[in-house]
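K.L.:
fold the following for me, if possible:
(4 chains)
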2 protein chains.
Amino acid sequence: MKCPSYNIFFETISTPIRLQIIDFLNDGAKNVTEICNHLNEEQSKISHNLKSLAGCHLLIVEKRGKHRYYSLNEDTVVPLLRIVEEHVAKYCCGECKVTVKAKR
Amino acid sequence: MKCPSYNIFFETISTPIRLQIIDFLNDGAKNVTEICNHLNEEQSKISHNLKSLAGCHLLIVEKRGKHRYYSLNEDTVVPLLRIVEEHVAKYCCGECKVTVKAKR
DNA sequence: ATATTATATGATGGGCACTTCATATGACCT
DNA sequence: AGGTCATATGAAGTGCCCATCATATAATAT
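P.N.:
Predicted coordinates:
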C-alpha cells in the first residue's frame, strides 16, 4: 500500500480522470463497470486510477460477488472538496474545465 | 492569471518543493531570498514555483521596496492542510518523506 | 547613469506519471 | 472442468511538468 505522504496525496487527487471518478462517487458506491460506462473510459484505465485513489485511502473498496464497489472516504474527501469548491468560487476566472461539486 | 480549476489546484500543491514553501510560510510572510536560503534552492526555481502557487491564489504577494513578500492564503491553505494532516495521521504507513504540519 | 541587489521570465531537456495494450486473476454459472 | 463476466496487473511508449540555464526587469544606492 502506498504511503500517503502529502505530495502523493495531492498528486493522486490532481488529475481530471480521478476527479471525475470522485465526482461520480459523490452519490454513492459504484462498481468498476458502472464507472467505466459513466465516464466512457477503458476498464484498465479506470482500474489503474482506482488503485491509486484507494492506495491513498481516498476511496474505500468493498467486494460483492464478482464486483468491487468503490466509495468515497467521506471523512476526508467531502470536507476537502468543500474547501476547494469555496476557493474556486472566490477566485476562478471562468475557464475551469473540470468541475467537481462538494457533497451537501 | 491561471484559473484554479480543481485539477490545477491540486496539481499545484502536489510537489515536495511547493509543499516545503508552504510549510516555511506557516510562520509568516517571507521574501524570495529568505525562502531560497531556507530551502537551499536556486532563486529561479523558487520564483517559478511561487508563481504557480500565487497563480492559484494559494499564496498572496506583497511588494515592499525591492522585495516581494509571499504569505499563505490562510482561508484556504490552513484548513486544507489540517484535513490532510488528520488523514495522514490515520493512514500513513510511516514511509512519508515530506511532512507539512497544519498551522495551529 | 551606472552598479548592485532582488526577483521574474523565457527556452530547453530530461524524467516520470498516465494511457494503452496485453495478459492474468478471480468469481460465478452450467 | 470449461466458459464467461468482472476486475486487476504488467510492460512499454509518449506527453508533459519541472529544474536548469540564461537573460530581463525592477528598485535602490552611490
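K.L.:
drop to CA atoms for contacts and neighbour counts, all remaining ones
P.N.:
OK.
K.L.:
residue boundaries of the helices in chain A?
P.N.:
Ranges of helices in chain A, per DSSP state H, are A:6-12, A:16-24, A:32-39, A:43-55, A:74-91.
K.L.:
can I get those in CSV with distance to DNA strand D, mean pLDDT and mean neighbour count?
P.N.:
Shown next, in CSV, are the helices of chain A (distance: least, CA to the nearest atom of the strand, whole Å; pLDDT from 0 to 100; neighbours: other CA atoms under 10 Å in any protein chain shown):
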stretch, distance to DNA strand D, mean pLDDT, mean neighbour count
helix A:6-12, 9, 96, 22
helix A:16-24, 11, 98, 19
helix A:32-39, 4, 98, 16
helix A:43-55, 4, 98, 16
helix A:74-91, 18, 95, 17
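K.L.:
what's the closest of the ones you listed to DNA strand C?
P.N.:
For DNA strand C, the closest of these is helix A:43-55, at 3.9 Å, according to CA to the nearest atom of the strand.
K.L.:
looking at chain A, which residue is nearest DNA strand C?
P.N.:
Counting by CA to the nearest atom of the strand, chain A gets nearest DNA strand C through residue A:65, at 3.1 Å.
K.L.:
ok so, going back, could I get the helices of chain A in CSV, plus columns for distance to residue B:35?
P.N.:
Shown next, in CSV, are the helices of chain A (distance: least, CA to CA, whole Å):
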stretch, distance to residue B:35
helix A:6-12, 19
helix A:16-24, 31
helix A:32-39, 42
helix A:43-55, 32
helix A:74-91, 25
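K.L.:
of these, which is nearest residue B:53?
P.N.:
Nearest of these to residue B:53, taken as CA to CA: helix A:74-91 at 13.0 Å.
K.L.:
just to revisit the earlier point, and of the helices of chain A, who's closest to residue B:41?
P.N.:
Of all these, helix A:6-12 comes closest under CA to CA, at 18.3 Å.
K.L.:
can you show me the CA trace of that closest one as PDB?
P.N.:
Provided in PDB are the C-alpha atoms of helix A:6-12 (Å, rounded to 0.1, in the frame of the first residue of the first chain):
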ATOM      1  CA  TYR A   6       1.400  15.000   1.400                       C
ATOM      2  CA  ASN A   7       2.700  15.300  -2.100                       C
ATOM      3  CA  ILE A   8       1.400  11.900  -3.100                       C
ATOM      4  CA  PHE A   9      -1.900  12.600  -1.600                       C
ATOM      5  CA  PHE A  10      -2.400  15.800  -3.600                       C
ATOM      6  CA  GLU A  11      -0.800  14.400  -6.700                       C
ATOM      7  CA  THR A  12      -3.300  11.500  -6.600                       C
END
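K.L.:
residue contacts, the residue nearest in space to the middle of chain A?
P.N.:
Closest to where the C-alpha atoms of chain A average out (CA atoms, centre = their mean) is residue A:22, at 2.5 Å. By CA atoms under 8 Å, 6 or more residues apart in numbering or on different chains, residue A:22 lies in contact with A:72, A:100.
K.L.:
cool, residue A:18 as well?
P.N.:
So residue A:18 contacts A:12, A:49-50, A:53 (CA under 8 Å, 6+ apart).
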